[in-house]
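> structure of the sequence below:
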Amino acid sequence: MSDEDGRYLCQMCYGEQVAPARAQRCINEKVAITCPQCGEAAAKNVKRCVVNMNKVAYMMVTDIETLKQLNPKRTT
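So this is what the prediction gives:
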């Protein structure tokens, strides 16, 4: 949602203009263009789990199917 002068509106609340630099970053990351308040609220809704990989490192998992595949003792 861009005007001729490069301003963007938040795609969640449609009430606040988003800075061009933030809008460009959202476009590059292929996520919705949001104001800081709506972006913070959307980020809190994402479920995350940190998994300790055996003798490797820690891995942040956001998809439950990935977490199921990492468990070697999973039978089903």
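> going by C-alpha atoms from here, please, whenever you check contacts or count neighbours.
OK.
> can you name the element that comes right after whichever strand or helix holds I27?
Element membership of I27, judged by DSSP states H and E, is helix 20-28. Next helix or strand after helix 20-28 toward the C-terminus (DSSP H and E): helix 36-44.
> chain center to that following helix: distance?
Averaging C-alpha positions (C-alpha atoms, centre = their mean, to the nearest Å) puts helix 36-44 9 Å from its chain's average.
> for it, what is the average pLDDT?
The average of the pLDDT scores along helix 36-44 is 89.
> and the pLDDT at the residue lying closest to C26 once chain neighbours are set aside?
Sequence neighbours aside, I33 is the residue nearest to C26 in space, at 5.5 Å (criterion: C-alpha to C-alpha, 6 or more residues apart in numbering). At I33, the model reports a pLDDT of 91.
> my guess is V18 contacts C35, does it?
Yes - with contacts counted by C-alpha atoms under 8 Å, V18 reaches C35, the gap being 5.5 Å.
> overlap in contacts of these two?
Applying C-alpha atoms under 8 Å, 6 or more residues apart in numbering, one finds that V18 and C35 are jointly contacted by L9, C10.
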